[in-house]
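# have a look; sequence and predicted model below, questions after that.
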Amino acid sequence: MRVLIENKVDAGFQRDQAARYRERAKIYAAEADCLEATTLLIAPAVYLGDAGNALGFDAVLTYEEIRSWFTASPSDARATYKAAVLTAAINKATIGYNPIANDAVSSFWHAYWQFSGFNAPELSMKRPGGKPAGSTWIYFAPPNLPRETWLVHKLADGYVELTIGGAAGRIGEMQTKLQALLESRMIIERAGMSAAIRIPVPTINAGRLFTEQHEAVALGLAEA
């Protein structure tokens, strides 16, 4: 068995990083390099936030769990040192992973969430906290959304997008099978290691007032 591990302390993910890990794991197994391959995210608990899942990886192991294993082991200098290193990393993540919230962007997100809850409750948008400048991808979490599939309103990009993780190599197949189901404005494109069904919508500036852009938001939510 092969385990592909991504170790995070406070750095953000690269685009489609979890999907690319899973794709590589599938290739290893398909080419008989190993009988089974899986992906694992290792990170401090604070890094996971309130996601409640493995952020696209097959499994997650927190620094706190690893530290507990060392502290539960027979006491020796090596175990004590490794536990101290993990504690330092946990503290770094707790203190360092705090992007500065932008008042204007945070206000926009909150207004968007309220509007979504009233006009499109089936999208199940989670209540946002403070958001830094540059936060322009709004994810929805409808209960019937398949695993490794994401529904997102990309404000600045001007798309509502259904992303299917690890499906970049199946664009042609998807276009053939889904052609009869796609509406005229829907397009299927590659997005890193994923495939995306996109609908163009008006661009939105999250740094501006929500009231100035509520019509564009309503159009985006309708397409979602």
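All right, it came through fine.

# next, the buried residues of stretch 156-175.
157-168 (16 or more other CB atoms under 10 Å). The C-beta positions use only the backbone N, C-alpha and C, and glycine is treated the same way.

# so which elements touch the longest helix seen in the chain?
Determined from DSSP state H, the single longest helix within the chain is helix 77-96. If you count contacts as 3 or more CB pairs under 8 Å, 6 or more residues apart in numbering; DSSP states H and E, helix 77-96 packs onto helix 45-48, helix 63-72.

# so which helix or strand takes in the closest residue to residue 134 other than its chain neighbours?
Spatial nearest neighbour of residue 134, chain neighbours left out: residue 105 (7.8 Å); criterion: CB to CB, 6 or more residues apart in numbering. Element membership of residue 105 [criterion: DSSP states H and E] is helix 103-119.

# ok, the most far-flung residue of the chain relative to its centre to residue 209 distance?
Taking CA atoms, centre = their mean, the residue of the chain most remote from its mean C-alpha position is residue 76, at 39.1 Å. Distance of residue 76 to residue 209, computed by CB to CB, to the nearest Å: 60 Å.

# equivalent analysis for residue 191, please.
Counting by CB to CB, the gap from residue 191 to residue 209 is 30 Å.

# who's more crowded, the two?
residue 191 (19 against 12; other CB atoms under 10 Å).

# please tell me how far that one sits from residue 150.
For residue 191, the distance to residue 150 equals 10 Å [CB to CB].

# between the two, which contacts overlap?
161, 163 (CB atoms under 8 Å, 6 or more residues apart in numbering).

# hang on, the earlier thing: can I get the helices and strands packed on helix 77-96 in JSON lines with mean pLDDT, mean neighbour count and distance to residue 5?
Formatted as JSON lines, those follow (pLDDT from 0 to 100; neighbours: other CB atoms under 10 Å; distance: least, CB to CB, whole Å):
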{"stretch": "helix 45-48", "mean pLDDT": "76", "mean neighbour count": "18", "distance to residue 5": "14"}
{"stretch": "helix 63-72", "mean pLDDT": "84", "mean neighbour count": "15", "distance to residue 5": "12"}
